[in-house]
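Student: got a predicted structure here, sequence first:
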Amino acid sequence: MAQGASYQISISQGSSGMTYTVSSGTGNPPMSWNPISSGSYVAGQSIEIPGPNGPMAQITAQGTPGLGQTDTFTLQAARPQSLFQTFQDIITALQAGAGSVTANTQRAQGLSNALANLSAAQTQLLSTQAAIGSQLQAAQSVSTLNSNLSQQFQTTQSSLADINYPEVITQFQESSTALQAAQKAFAQVQGLSLFQYI
């Protein structure tokens with residue numbers, strides 16, 4: 001369906017046979033209908049809805065209108081609606097009277113629309129469930145990282161709290177003295193050279 005467009009198909013029974021007309025309109029509901037194709041009609045024949053690059057869809061109607069009557073039905077792009085409204089539409093379609101071609105067509109169309117809305121709602125629910133699952137997984141990863149960091153901080157804090165400061169100071173002084181002695185020895189050795197004895 002073209003964006004924002006609705007299509008109306010009319011099938012008429014006249015003295016010279018049946019004809020069909022396909023009209024398009026925009027708006028919800030459309031303010032006016034503009035015929036875009038028409039022709040003779042045979043019961044069970046597919047009616048094409050023309051588009052800019054060839055037929056957009058083919059529609060097959062069941063039954064035929066009585067002499068001098070016209071059956072009309074409208075095609076619209078599916079719009080999101082609540083599940084409660086979808087269930088109400090199913091109830092309404094099932095409670096609708098049957099018998100005439102128009103009533104049967106409207107009932108079938110109503111049920112078809114409701115089933116399409118249920119399918120769209122299921123797809124939306126699955127998409128939302130996948131998005132929530134993704135976010136939950138990310139939150140769990142952050143929670144695990146936070147827990148690991150918290151454990152590391154507690155271990156480090158415990159190590160710092162258990163330090164024997166006099167012993168650490170003594171070890172530092174001993175290491176510092178050993179480092180100074182090594183630096184002096186290195187300086188003396190560096191001063192020695194075979195060139196002094198040549």
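Tutor: Thanks, I have it.
Student: remind me, longest helix of this structure?
Tutor: Using DSSP state H to define each element, the chain has its longest helix at helix 101-161.
Student: ok, how many other residues are close to the closest residue to E48 other than its chain neighbours?
Tutor: The spatially closest residue to E48, leaving aside those adjacent along the chain, is P55, at 4.1 Å (Cβ to Cβ, 6 or more residues apart in numbering). Every C-beta, even on glycine, is put in place using the N, C-alpha and C of the backbone. If you count neighbours by other Cβ atoms under 10 Å, P55 ends up with 12.
Student: confirm that P55 sits in a strand.
Tutor: Yes. Judged by DSSP: H, G, I helix; E, B strand; the rest coil, P55 forms part of a strand.
Student: now stretch 122-135: average pLDDT?
Tutor: Average pLDDT, stretch 122-135: 88.
Student: tell me how far that stretch lies from the chain's centre.
Tutor: Centroid displacement of stretch 122-135 relative to its chain, using Cα atoms, centre = their mean, to the nearest Å, is 8 Å.
Student: packing partners for the longest helix of the chain?
Tutor: Contacts defined by 3 or more Cβ pairs under 8 Å, 6 or more residues apart in numbering; DSSP states H and E place helix 101-161 against strand 70-76, helix 83-95.
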